[in-house]
Structure formats: structure tokens, C-alpha cells
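Novice: Quick one: sequence and predicted model below, then my questions.
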Amino acid sequence: MIQIENLSFGYKRKKLLYKNLTLNLEEGSIYGLLGKNGAGKSTLLKNLVGLLFPTIGNITINGYSPKKRLPAFLQTIYLIPEEVNIPALTIHKYMHLFAPFYPAFNKEQFFSYLGQLDVKDQGKLNTLSFGQQKKFIIAFALACNTKILLLDEPTNGLDIPSKIRFRKLISSVFDNERIIFISTHQIRDLDNLIDRVVIVDNGSLLLNASITEIAQKLCFKTMSEIDDKSKVLYAEESLKGYSVVMENTNQEDSKIDLEQLFNGVTENPAKAKAIFQ
Amino acid sequence: MNNTFSPQRFGLLFKKTLLERPIQMFGFTGLLLALILITYAITKTISGFTMAQNLTFLWGLIGGSYFMASFVFSHFTSNAIGSSYLTLPASHLEKWLCGILIAGVLYPTVFMLFYRLMDASFVSIYHNSLDPAAPFYKEQYRSVGTLSFNGFFAWKVYPLFLFAVSAMLTGSLYFNKAGLIKVSLVICSLLISLYLLNHLFAKIVFGGVIEDAWPFHYVMIPVGKAEGSILLPEKISDFAFNMVSYVFPAILFITSFIRLREKEF
């Protein structure tokens, strides 16, 4: 379990990126961390893995404090950064040197994931394209079977078929003992993948809700005209009138549009807070 | 699980560090040794054995370890490499020891073995080239010998080696990019400042008539038409020498460990 209590963090003491952020992340969920550019998504992930230390507040992950970077803690968490840098090694050599640090690493799974992501053994890894390198590191990270997997913009650099394969793979490896935390600004890449949405903006947590809760409380639909603006969280003009996100007072079933949800929550945080209270 | 030190985990880390970038690590060492060999051969021809031995021992040990130290902690040039290094499941002590072992023990051992072999070969070639029937054979034979690793010159080099390695290891953890250049600039600035401050202080104390003043060592003053040197009292001189040679590097080594533990990236 990840517990973030009153986290304040800033690269400069006077300019905090996060102010009193409190957030609990439970096992058995794939979280989508959404935020604008510069909102501090990568910074939050770095705080979770112990690459950055909170200015104020505490982070506890399964009883460990990330800032201590103890081996017992690091064995249970894997961060895939946005940029990957893979040494000039073959797949086997890489596995031989890095896998022993992760006791739960599974070789069969690793090669299976490489196959599923269409990464071929073509000599030195550094000669692969950026997308192939990224898929390689995703396969390795998943095969490490860490309890917590943090992915920072994992679909950046992946082509469309690879994004689909990535989504399928993440869904297939997920189990109830794991937390997968995916940070992205490419919101559509998380469609049908995540089961909880976390939205951060201006240093605050704007939303932490499950997909079920969102579907219960919000309704996503297209209207020719907006009758009652007081229930609307977000609206944008479309070919057929307006695409609207509104309070789901009539218990309607609708398909969640993450992009519209994100726009609604970031543009109208007070209203979103009131709906999800 | 031991979160401070595990021999097995340390072994894995050491192997990973050596083999992760084999071309850079071994190629770099090979290049350094080749340069030392060439420098020895050229300097011996131009200036003789003593100069060649001293020059290559000084630069091979200090310069080589200095470069190696900049290499072993050069993980912070990019986000991806830095993240991968700091989140690798090994303790800070193991990561730190690994750097110290490569730059401060492994490279110097390889260098000294190579140096002994190279030096002994050149000296042997010279000895074999002499004519035993020549009139000054014994004198010529005795005039050239291998450099003693326990001699006066070697013991002047070792403290400098400790200082260079400890300063570079610490500096690499403070400067993420171009650590080698930045640390070199800091060391040069520090030495120049120390020399100038010492000069200034000596001028104030001795009334502005000094010729030269070397920190922790001596002050040269004109005495009539001659020059006289005022040496630091032996006890203070020894204390200063030990501080600069051993205590200061030890502080830097400890600082590098603390810095690694508290490194944010």
C-alpha cells in the first residue's frame, strides 16, 4: 500500500509543486495519473521511488520510507522513466546482469513478454529504436514481478500496434497484489486499462476515484442543447451539438471519456470536488 | 534481509558495474596503459630513465585513477541512467564501495602490475644492452633500476593519488554533468587560492619582503643578496602533511558516501 501524507515538494523551497497532498493507493488497482505538462506527474513518481525526497510530509510504501532506498524496498518497486537508456548489451547479457537483483524475476515470463511486445533479439540493445528499447524495458520490468510498478509516459515513442499490445500486456499481468501506477498526458492510451483515475493540478489532488465511481457520478453524452447548465461539469462543441460531462442524477449508463473528464476536473475543480465528495 | 551490506549482492553489483559498459571500462583502462607505455618510451629517450619513471608513475596512478573515479560515478548525465542506478536494489554502502574499489583499488592494482612489468622490461633491455667488458659497466648497470613502490617519490605520489580519487568521487556526485571538467576546475581554483592566500598571509607576517611561500612547507625571504628559507616546525609540518595527505581525503571519501545516500535526481 502506498500512503502519501501531507506531501509538500518543490524544486525550490519557496515554489512548491505539491502542497499537502494526501493520497492512498491500494493493491489490486491500475491507477492512471493524469495531469497537465509540468503538473508534477514525474516528480510524484520520483518521490514514490525515492529519487526525490519530500520537502514536508511522509511517504510510506508497504512499511518502507522510499527516501532511504533500502534494497528490500527497491526489490519491490520498479520505475520505468519516460526516457530509457539501455547499455550496449544483448538481451541475455542484460538479463544476466540485472535480473539477479530482483528475486521474483521470471525468465519464461520475460521472453514471453518480449514476444508479446514484438521485441526481437537483434544483437546489442542500444542499436534498437527508442520504441523497441522502451518495449524491452517494459517487458523486463513486468518480469521482475515487483509489487509496485510505476510507469512514466510509457506509451511515448510507441507506435499504434505497440500501444495496443502494451495495453493487453498490462491487463494480462495485473493481479490483486500489485499496484500499477501509470502517469501520462496521452489520456486515450489509458482507455479500458485503468480502474482508478488520479488527477493532479496546481499542486493539489483534484480527483482520486474508481472508474465505477466515475460512471456512477458522472454522465458522458452528446446533447443538441444544454438545458441545465448547473449540472454540467464540462461541455465542448461537437458536430452533433455538445459533448457534455454532467452530474449523473438519473443513474444513466455512459462510456467514460477520460479526456473530457480530465478537462472537466481541471477546469472546474470545485464542482468536481462537490460531485465526488 | 541485510539492507546495509550483503556480500552476494555486492558481488552482483561489482560484476554488473564492470560488465555493463565493458568497452568504456576496459577500453579506457587499456588506452591509459598504452599512453603510459608510449610516454615512458618517449621520455626515456629524451630525458632518461628517472624522468620517465617518475612522470609515468605520477600521471599513470593519479591521472588514471582520477579519470576512473569520474567514470564510476558518471551515472547522472541523463535521467534514465541516474534513475536506473539509484533505484537498483543495492545499498548505498555497496554502491559506494563499488566505486571506491574500482577507482581506488582495482585500477591502481592493474596499473602498478603493468607499471612494474613495463619498467622492469625497459630496465632489463637497458641492462642487456650494456657490454659487461666495458670499463664503466658496473656504474652504468647500477645507474638504472626499477622504481621502488616504497621509495621517497612513490610516497609523495600516494597522498596525491588519495586526494585525486576522493575529490573526483565526491565531485562526480555533486556535478551531474561534465563532472571531470568541473571538479578539475574546482581543484585548480582551490590550489591557486590556497597558494595566493598563503603568500598574502606570509607577506603580512614577514613584512612584505618574501620571495616565495609554499603552503604548509616554507617561506623564502631575501637575506642581503642571498635567500633564506623559513621552514615550518617539524611537528606542525608533519601534522599539516598528515592532515592534507590522509585526513582530508578521508573526509572527502566519507562526504562522497553521505552525498550518495542523500543524492536526489
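Specialist: Ah, there it is. Numbers count the residues shown, from 1 in each chain, chains lettered A, B, ... in the order given.

Novice: So what does A:R188 look like in phi/psi?
Specialist: Torsion angles at A:R188 (phi, psi; degrees, to the nearest 10) stand at phi -60, psi -20.

Novice: unless I'm mixing things up, it is touching A:L258, no?
Specialist: Yes: between A:R188 and A:L258 there is a contact under Cβ atoms under 8 Å: 7.0 Å. (C-beta placed from N, C-alpha, C; glycine too.)

Novice: A:V173: how many residues sit nearby?
Specialist: Counted with other Cβ atoms under 10 Å in any protein chain shown, the neighbours of A:V173 add up to 16.

Novice: and the residue nearest to it when sequence neighbours are not counted, what does it touch?
Specialist: Nearest in space to A:V173, with sequence neighbours left out and distances taken as Cβ to Cβ, 6 or more residues apart in numbering or on different chains, is A:L142 at 5.2 Å. When contacts are counted by Cβ atoms under 8 Å, 6 or more residues apart in numbering or on different chains, A:L142 touches A:Q109, A:Y113, A:L149, A:L169, A:I170, A:V173.

Novice: Check B:G99 too.
Specialist: B:G99 is in contact with B:A69, B:V72, B:F73, B:L169, B:S256, counting by Cβ under 8 Å, 6+ apart.

Novice: The last one: what's it in contact with?
Specialist: When the contact criterion is Cβ under 8 Å, 6+ apart, the partners of B:S256 are B:F73, B:W96, B:G99, B:S166, B:L169, B:T170, B:L173.

Novice: any idea of the pLDDT on residue 133?
Specialist: All of this refers to chain A. We have a pLDDT of 94 for A:Q133.

Novice: You answered for a different chain; I wanted chain B.
Specialist: 89.

Novice: Now it: phi and psi?
Specialist: Per-residue torsions, B:A133: phi -90, psi -10 (degrees, to the nearest 10).

Novice: before we move on, what about A:I199?
Specialist: Torsion angles, degrees, to the nearest 10, at A:I199: phi -120, psi 130.

Novice: Do I have it right that it meets A:G35?
Specialist: Yes: the pair A:I199 / A:G35 is scored as a contact, 6.6 Å apart, by Cβ under 8 Å.

Novice: So the residue positioned nearest the centre of chain A, which state does it fall into?
Specialist: Centroid-nearest residue in chain A: A:I182, 1.4 Å away (criterion: Cα atoms, centre = their mean). Put simply, A:I182 is strand when judged by DSSP: H, G, I helix; E, B strand; the rest coil.

Novice: For it, list each beta-bridge partner.
Specialist: Beta-bridge partners of A:I182, counted by DSSP bridges, are A:G32, A:L151.

Novice: For A:K271, see how far away it is.
Specialist: Distance of A:I182 to A:K271, given as Cβ to Cβ, to the nearest Å: 26 Å.

Novice: Buried residues in the helix or strand hosting A:R167, which are they?
Specialist: Element membership for A:R167 (DSSP states H and E) is helix A:160-173. For helix A:160-173, a neighbour-count test (16 or more other Cβ atoms under 10 Å in any protein chain shown) marks A:S162, A:K163, A:R165, A:F166, A:R167, A:L169, A:I170, A:V173 as buried.

Novice: what's that helix packed up against?
Specialist: Packing partners of helix A:160-173 (3 or more Cβ pairs under 8 Å, 6 or more residues apart in numbering or on different chains; DSSP states H and E): helix A:107-116, helix A:130-143.
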